[in-house]
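Trainee: A predicted structure for the sequence below; I have some questions about it.
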Amino acid sequence: MKKCSNCGKEFPEAALKKMVQITGKKAHIKRICPFCQSIVLNNPTYYYLIEDKRQ
Ligand SMILES: [Zn+2]
């Protein structure tokens, strides 16, 4: 179980989407639960993180 970076509730890791929040020149990796995703997507400082799994 991991904590959602937004609401702090615990979820299975697979349920949490990794997103990046850009503040100034810094990119912070956040784990966002399904309930917070719709909130966060309206926030222009958040971006999807796409990881290349082929390596
Ligand atoms: Zn949440």
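Mentor: Alright, I've got the coordinates. Numbering: from 1, shown residues only.
Trainee: next, count neighbours for Asn6.
Mentor: Counted with other Cβ atoms under 10 Å, residues neighbouring Asn6 total 19. Just so you know, the C-beta spots here come from the backbone N, C-alpha and C atoms, and that holds for glycine as well.
Trainee: excluding its backbone neighbours, what's nearest Lys2?
Mentor: Glu13 (5.0 Å; Cβ to Cβ, 6 or more residues apart in numbering).
Trainee: distance of that neighbour relative to the ion?
Mentor: Glu13 sits 13 Å away from the ion, going by Cβ to the ion, to the nearest Å.
Trainee: count the neighbours of that residue for me.
Mentor: Neighbour count of Glu13, defined by other Cβ under 10 Å: 9.
Trainee: before we move on, what about Thr23?
Mentor: 8.
Trainee: ok so, going back, for the residue nearest to Lys2, give me phi and psi.
Mentor: Main-chain dihedrals, Glu13, degrees, to the nearest 10: phi -60, psi -30.
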